[in-house]
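Asker: next come a sequence and a model predicted from it.
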Amino acid sequence: MSYRGRFAPSPTGVLHFGSLVAAVGSWLVARHHGGAWLLRVEDIDPPREVPGSAQSILRALPAFGMAGDAPAVFQSRRGEAYDAAFRALKDGGHLFPCWCSRADLAAHGGLHRDGHCIAAPDASRPPAWRLRSPDRTIAWHDDLQGPQEENLREVAGDFVIRRVEGLWAYQLACVVDDAFQGVTHVVRGADLLDSTARQLYLQELLGLPRPGYLHLPLVVDAAGRKLSKSDKALPVDPADPLPALRQALAWLG
């Protein structure tokens, strides 16, 4: 199968240096393999979305020499596909409703385990829906970080698939759309390394292909904190792309 990679930003601000590094890294690996580079806008969390940021990011990428090989996929338009995956998981007995608050889970280390809700059902409000995580270690090889393994029960616990507000969780949307776009290799920042075991398990339950993974070094500030949109990291300048592009290449080595 020919290589198909992707860059999947969240529209929570303009393109900044940390996102540029992820874009450049995924683009370079795709081109190294002679493969396709795809775009996806992960706009499934409206409360965090900044109006206009999706188009701003998509307009900025060509200034840095990166254009998608197919039209961008917008997750906000993919609700039917997520609902179909949700129904398949629910029909398979893998999901359960949950009314637990963070306070309820605090006594359990902040994690939900063993496939049943700690709190009592509350008919006055909608539940979240969680996936039962087995006491099982998921192993995979990361093309940069090396051999990895994670016990789902101990590290992730029973994780949310659909939130109380009815919004789809990142883990479900990500695996459904990687399969939809035919992604063969996922190249992204190391801050998402701990999502991989959950996504591999979802792929298994849904009968979806298992892509390869490569997690890039995370861009951090002088204090070692993640350089992200939420930290108000300075945007890169598409009108003068070379300084930021050279810096991104240097960061990636």
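Answerer: On my side now, so go ahead.
Asker: residues contacting stretch 16-30, please?
Answerer: For stretch 16-30, the surrounding residues in contact (CB atoms under 8 Å, 6 or more residues apart in numbering) are 3-7, 9, 15, 36-37, 57, 61, 64, 66, 185, 187-189, 214, 216, 218-219, 226-229, 233-236, 244-245, 247-249, 251-252. All C-beta atoms are positioned from the backbone trio N, CA, C, and that covers glycine.
Asker: cool, and stretch 101-112?
Answerer: 98, 100, 118-119, 130, 156-159.
Asker: picking up where we left off before, just the buried ones among the contacts of stretch 16-30, please.
Answerer: Buried subset of the contacts of stretch 16-30 (neighbour count, 16 or more other CB atoms under 10 Å): 3-7, 9, 15, 36-37, 57, 61, 64, 66, 185, 187-189, 214, 216, 218-219, 227-229, 233, 235-236, 244-245, 247-248, 251.
Asker: of the residues you listed, which belong to helices?
Answerer: Counting by DSSP state H, those place 57, 244-245, 247-248, 251 in helices.
Asker: can you list those residues in CSV and add pLDDT and distance to residue 24?
Answerer: Converted to CSV, those look like this (pLDDT from 0 to 100; distance: CB to CB, whole Å):
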residue, pLDDT, distance to residue 24
57, 96, 14
244, 93, 9
245, 94, 7
247, 92, 10
248, 93, 5
251, 90, 9
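Asker: in JSON lines, list these along with distance to residue 134.
Answerer: Shown next, in JSON lines, are those (distance: CB to CB, whole Å):
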{"residue": "57", "distance to residue 134": "37"}
{"residue": "244", "distance to residue 134": "44"}
{"residue": "245", "distance to residue 134": "44"}
{"residue": "247", "distance to residue 134": "43"}
{"residue": "248", "distance to residue 134": "39"}
{"residue": "251", "distance to residue 134": "38"}
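Asker: dump the residue contacts of residue 202.
Answerer: Applying CB under 8 Å, 6+ apart to residue 202 gives the contacts 131, 171-172, 175, 208.
Asker: buried members of those into ChimeraX, please.
Answerer: This is the ChimeraX syntax for the buried subset of the contacts of residue 202, where burial follows 16+ other CB under 10 Å:
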select :131,171,172,175,208
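Asker: closest to residue 152 among the contacts of residue 202?
Answerer: Residue 152 lies nearest to residue 131 out of the contacts of residue 202, by CB to CB, at 9.4 Å.
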